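Novice: Okay, predicted coordinates and the sequence, questions at the end:
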Amino acid sequence: MKLRSRPLDTSEEADRIQTEIYRAMTPERRLRLGFEASETSRQLQAAGVRFRHPEYSDEEVRLAVTRINLGDELFLKVYPARKLIVP
């Protein structure tokens, strides 16, 4: 079994404590945290797109974030009629 590497900005002690906390959580709680982290990531991506392109509509921001997450090839398969909006 491969051991995960510790983040470079985290001390060994902090990493150990965090691992213990996650192991003590129920699977449902860990899953909920994962969904929350994913949503936070999308919100940060959307804020970045809005900062770079204040002229974008909400729909354009949503499509730009979708493009970031899917990549160009999959984005064009999912949205063949849409242009590649600049994220």
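Specialist: Arrived safely, thanks for sending. Residues are numbered from 1 along each chain as shown.
Novice: For the chain, which residues score under the pLDDT cut-off?
Specialist: Residue ranges of the chain with pLDDT under 70: 1-3.
Novice: Spatially central residue in it, please.
Specialist: Closest residue to the average C-alpha location of the chain: residue 41 at 3.7 Å, with Cα atoms, centre = their mean.
Novice: Of all the residues in the helix or strand where it lies, which ones are buried?
Specialist: Secondary structure assigned from DSSP states H and E places residue 41 in helix 27-52. Neighbour counts over helix 27-52 (16 or more other Cβ atoms under 10 Å) mark 45, 46, 49, 50 as buried. No exception for glycine: its C-beta is placed from N, CA and C like everyone else's.
Novice: Over to stretch 77-86?
Specialist: Applying 16+ other Cβ under 10 Å to stretch 77-86 flags residue 85 as buried.
Novice: Let me see the residues that make contact with that stretch.
Specialist: Outside stretch 77-86, the residues that touch it by Cβ atoms under 8 Å, 6 or more residues apart in numbering are 53, 56, 60, 63, 64, 66, 67, 70, 72, 75, 76.
Novice: Pipe those into a markdown table and attach secondary structure and distance to residue 5 per row.
Specialist: Below are the contacts of stretch 77-86 laid out as a markdown table (DSSP: H, G, I helix; E, B strand; the rest coil; distance: Cβ to Cβ, whole Å):
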| residue | secondary structure | distance to residue 5 |
| --- | --- | --- |
| 53 | coil | 36 |
| 56 | coil | 37 |
| 60 | helix | 38 |
| 63 | helix | 35 |
| 64 | helix | 32 |
| 66 | helix | 31 |
| 67 | helix | 30 |
| 70 | helix | 28 |
| 72 | helix | 30 |
| 75 | helix | 31 |
| 76 | helix | 35 |
